[in-house]
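**Student:** Please work out how this folds:
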Amino acid sequence: FNYKSYYFNKLLLEEISYIKSNSIKNVKNDLELIKFISARNTKDTKDTKDTKDTKILFNIEKHKVGGAEKQFHILYNIANNYFQSIGGTINLTYSEEKTFDFEKYKKSNLSAQHKATIRLIKNTTLKKYVFNAAINQLFYNPFYIISSMHYCGLGNLVANKIIGKNSYNYIRIGSQPPTKLTMPDHKINKYSLIQNMYELYKDEMSIIVNCSYLRKLYQSILPYNRIIKIYNVANKPDTPNNVNIQTTTVKIGFVGRNTPSKNIISLVSLFSKLEKEVSTPIALYIYSDKLRATPVEELVNKLNLHSKIHLLEHEEDPTKIYPTFDLYVSLSTEEGLSNSIMEALSYNIPCISLDAGGSNEIITHNINGYICKNGYELYNCLITMLENNKEFIRIKKNMAMDKFNLEKFSAIQVQKKIEEEVVYQKTILP
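**Tutor:** You can find the predicted model right below:
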């Protein structure tokens, strides 16, 4: 396991310091450590009467804002509807520290070995992932686990080894690896993390990606048949198609988390320059989280653009957001298949985006928007759309005539993928 060994040391080694046997001293590396702990915990793995067999366990890391959680819930609902129709069992759990009450389970009728397992992982560095994953596996006894995030996936894989379960893990990768090292507490690059997870758990994991870009990216570290592409779901609403830029203010929109890769500050700067150059009145609406008392708000104040740049709290209901936009703009540099771009397109909103992740799979350049190589190109595309009403009308007419077909992003197609590549591929059905 070739990235910084302190990662697993903190995760496991410190938590088994109470083990005084000489055998632990002979553990030379992380893989041996995992095998050692697994061996300790396979002697008494009889499930209690409270446990239930689950075909698939969905495990999700909760986010207040972002497309990953929304799409994961859609994926779960589609799978759940399908499994209910065939009499299967499927469950959804959350990786949150307060999901499970340790004191409650300490007093339960778990075997002594299971209680020891809980003690072992209760205070680990990634306890909200590993601890909950182990508890979930003890009580749900899943055949297969689909995790919403690589952190959840790591928690499930480690818990698998610790408690001696044999669940097969699917880890959903919703975005491209960051250019910076951004794993909390450990500064581990996501790409390297997945690579090392596969080296350690190659017989027990596959990944689910949502675009061709990610599939191609991860093919260098995983076999092709271990990478499953399941698109995000986009349902096209029945909304009117306005074709003209009105004489009133053109509303430019963005929806997404306030993270460095989304470049919201750059979007504000770009808008401040744009509104001085174009003759069309424009306004910018940003739906995000934690924008108050941040550099984003400071910049808006400094530019004195309060009346034209609106910093708004994230809104779960897309019907309250996208119908108010005339254009959608994204300066994000790290994407999978952007949920917000898909939602904007489903409402027939032209999108202008940097060429990040799978954005070019949903935006057809010069048809329903523009894919741009850099900020300079994006800025010029914005000027073209704002100053040339004929170009705006052309793009809107393209969208009104359904030149952007959402069929492959429909819930029906996603269900078909789940059936073909997850259910039947791994023979989950009896």
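
**Student:** and the helix or strand hosting residue 58, what does it pack onto?
**Tutor:** Using DSSP states H and E, residue 58 falls within strand 54-60. Contacts defined by 3 or more Cβ pairs under 8 Å, 6 or more residues apart in numbering; DSSP states H and E place strand 54-60 against helix 67-85, strand 90-94, helix 127-140, strand 142-147, helix 150-163. Backbone N, C-alpha and C define where each C-beta goes, glycine included.

**Student:** which parts of the longest one are buried?
**Tutor:** In other words, helix 67-85. Going by neighbour count (16 or more other Cβ atoms under 10 Å), the buried part of helix 67-85 is 67-72, 74-76, 78-80, 82-83.

**Student:** pLDDT and distance to residue 150 for those - can I get that in CSV?
**Tutor:** Formatted as CSV, the buried residues of helix 67-85 follow (pLDDT from 0 to 100; distance: Cβ to Cβ, whole Å):
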residue, pLDDT, distance to residue 150
67, 69, 16
68, 71, 11
69, 73, 14
70, 76, 18
71, 79, 15
72, 81, 13
74, 82, 19
75, 82, 16
76, 83, 18
78, 81, 22
79, 80, 20
80, 81, 23
82, 74, 25
83, 75, 25
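
**Student:** Return the closest of the residues you listed with respect to residue 233.
**Tutor:** The shortest gap between residue 233 and any of those belongs to residue 74, at 4.7 Å (Cβ to Cβ).

**Student:** where's that closest one relative to residue 265, distance?
**Tutor:** Distance of residue 74 to residue 265, computed by Cβ to Cβ, to the nearest Å: 30 Å.

**Student:** Contacts for the strand holding residue 58, please.
**Tutor:** 69, 72-73, 75-76, 79, 83, 88-95, 132-133, 136-137, 140-149, 152, 155-156, 167, 422, 428-429 (Cβ atoms under 8 Å, 6 or more residues apart in numbering).

**Student:** Could you do stretch 219-234 as well?
**Tutor:** Under Cβ under 8 Å, 6+ apart, the answer for stretch 219-234 is 67, 71, 74-75, 78, 170, 191, 194-195, 198, 205-212, 214-215, 218, 337, 339, 342-343, 345-346, 406, 408-411, 413-414, 417-418, 421-422, 425.

**Student:** For that stretch, give the mean pLDDT please.
**Tutor:** For stretch 219-234, mean pLDDT is 88.

**Student:** Stretch 327-343 now?
**Tutor:** 91.

**Student:** Residue 256 reaches residue 332, doesn't it?
**Tutor:** Yes - applying Cβ atoms under 8 Å as the test, residue 256 and residue 332 come out as touching, 6.7 Å apart.

**Student:** nearest spatial neighbour of residue 61, skipping sequence neighbours?
**Tutor:** Leaving out its chain neighbours, the residue that sits closest to residue 61 by Cβ to Cβ, 6 or more residues apart in numbering is residue 149, at 4.3 Å.

**Student:** Just to check, that neighbour is in contact with residue 156?
**Tutor:** No - shown here, residue 149 and residue 156 do not form a contact pair, counting by Cβ under 8 Å, at 10.6 Å.

**Student:** In terms of neighbours, single out the busier of these two.
**Tutor:** residue 156 (31 against 23; other Cβ atoms under 10 Å).

**Student:** What residues does that one make contact with?
**Tutor:** 59, 129, 133, 136-137, 145, 147, 167, 169.

**Student:** And for residue 275?
**Tutor:** 282, 305, 308.

**Student:** Could you tell me the end-to-end distance of stretch 380-400?
**Tutor:** Start-to-end span of stretch 380-400 (Cα to Cα, to the nearest Å) is 24 Å.

**Student:** returning to that earlier point: which of the contacts of stretch 219-234 fall in strands?
**Tutor:** Mapping the contacts of stretch 219-234 onto strands (DSSP state E) picks out 170, 205-209.

**Student:** hmm, back to that, just the buried residues of helix 67-85 now: which is nearest residue 297?
**Tutor:** residue 67 (23.4 Å).

**Student:** Give me the below-cutoff pLDDT ranges for the stretch 301-430 of the chain.
**Tutor:** Residue ranges of the stretch 301-430 of the chain with pLDDT under 70: 402-405, 423-430.

**Student:** Show me where it has its helices.
**Tutor:** Ranges of helices in the stretch 301-430 of the chain, per DSSP state H, counting those that start in this stretch, are 339-346, 359-362, 375-387, 389-400, 411-417.

**Student:** Out of the ones you listed, which one sits most buried?
**Tutor:** helix 339-346 (a mean of 25; mean count of other Cβ atoms under 10 Å).

**Student:** Report the angle between that helix and helix 389-400.
**Tutor:** 90 degrees (axes from the mean of the first three to the mean of the last three Cα atoms, to 10 degrees).

**Student:** could you say what helices and strands helix 339-346 packs with?
**Tutor:** With contacts defined as 3+ Cβ pairs under 8 Å, 6+ apart, helix 339-346 has these neighbours: helix 67-85, strand 250-255, strand 327-330, strand 351-354, helix 359-362.

**Student:** Out of the ones you listed, which is closest to residue 291?
**Tutor:** strand 250-255 (11.2 Å).

**Student:** I'd guessed residue 414 sits against residue 77; true?
**Tutor:** No - Residue 414 is not in contact with residue 77 according to Cβ under 8 Å; the separation is 10.2 Å.

**Student:** among the contacts of strand 54-60, which ones are buried?
**Tutor:** Of those, these count as buried by 16+ other Cβ under 10 Å: 69, 72, 75-76, 79, 83, 88-95, 132-133, 136-137, 140-149, 152, 155-156, 167, 422, 428.

**Student:** Spell out which residues are contacts of both of residue 256 and residue 332.
**Tutor:** Going by Cβ under 8 Å, 6+ apart, residues that sit against residue 256 and also against residue 332 are residue 262.

**Student:** Would you work out how far apart the start and end of stretch 343-358 are?
**Tutor:** 14 Å.

**Student:** Flag every buried residue along that stretch.
**Tutor:** In stretch 343-358, counting by 16+ other Cβ under 10 Å, buried: 343-358.

**Student:** for stretch 209-218, same thing?
**Tutor:** 209-211, 213-215, 217-218.

**Student:** Is it possible to get CSV of those residues that adds distance to residue 316?
**Tutor:** Output for these, formatted as CSV (distance: Cβ to Cβ, whole Å):
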residue, distance to residue 316
209, 25
210, 20
211, 23
213, 27
214, 25
215, 29
217, 30
218, 30
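
**Student:** And those residues, which is closest to residue 392?
**Tutor:** For these, the nearest to residue 392 is residue 211 (27.5 Å; Cβ to Cβ).
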